[in-house]
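# Here's my sequence, what's the structure:
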Amino acid sequence: MTALTVERLKEILTYSPRSGLFRWKVRSAIQVKIGDVAGNVDRKGYRNISIDNRLYKAHRLAWLYVTGRWPSDQIDHIQGVDRPDCDRLENLREATNSQNVSNRQRRQRNNTSGYVGVSFDHRLGKYRAHVGHNGRKHHVGCFNTAEQAFTARNEYARRLHGEFFSDGQR
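Model prediction:
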């Protein structure tokens, strides 16, 4: 199977960098009308578009549509994917896996402290702050309150991640 080209993409879809939406230029299926918004949003908030019997993530298609090339690694949603306009060009940037993960928007489901990167150490009776970076977990320190741990975690994470820093509370 040949890879989708920017020429083929532009032949069948239009993309609005302002809205982040793709619309059909051709009828790709019986239920599709020209001008319809392309694709469906999955349970994680990503829009998927089927082209020539292959499923693509809309954010990767947006990158191809605008730059004329596939991203070299991953595409990061700067402000997350929990909004209808998440695939706007200004919300997308190329990233490594480590950078993309550092911009995680929400704490994990099993987190009981209420803060990303903060857990309670029952043995010490204190809150531990930690930051993930390049596949390693960096211990920031132990603190009396979850808020103190979260503040320290954010200062450390901001230094490590730079522009990809997220406090995880959006």
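# could you check the distance from the closest residue to I12 other than its chain neighbours over to L61?
With sequence-adjacent residues excluded and distances taken as Cβ to Cβ, 6 or more residues apart in numbering, I12 is closest to V26, at 5.1 Å. Where you see a C-beta, it was placed from the backbone N, CA and C, and this is true even at glycine. Separation of V26 from L61 (Cβ to Cβ, to the nearest Å): 15 Å.
# Looking at the two, which has the bigger crowd around it?
L61 (25 against 9; other Cβ atoms under 10 Å).
# is it true that the more buried one touches F22?
Yes - using Cβ atoms under 8 Å, L61 is in contact with F22, at 6.7 Å.
# so what sits against both of those two?
L13, Y15, I49 (Cβ atoms under 8 Å, 6 or more residues apart in numbering).
# Derive a PyMOL selection command for the buried subset of these.
Filtering those down to the buried ones (16 or more other Cβ atoms under 10 Å) takes a single PyMOL command:
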select buried, resi 13+15+49
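# and the shared contacts of L61 and F22, which of them are in strands?
The members of the shared contacts of L61 and F22 that map onto strands under DSSP state E are L13, Y15, I49.
# who does the worst-scoring helix or strand of the chain on mean pLDDT touch, helix- and strand-wise?
Taking mean pLDDT, DSSP states H and E as the measure, the chain has helix 97-102 as its least confident helix or strand, at a mean of 72. When contacts are defined as 3 or more Cβ pairs under 8 Å, 6 or more residues apart in numbering; DSSP states H and E, helix 97-102 sits against strand 74-77, strand 126-133, helix 146-161.
# Verify the contact between V32 and F22 for me.
No - with contact defined as Cβ under 8 Å, V32 does not count as touching F22 (11.9 Å).
# Looking at those two, which one has more neighbours?
Neighbour comparison, V32 and F22: the larger count goes to F22, with 25 against 13 (by other Cβ under 10 Å).
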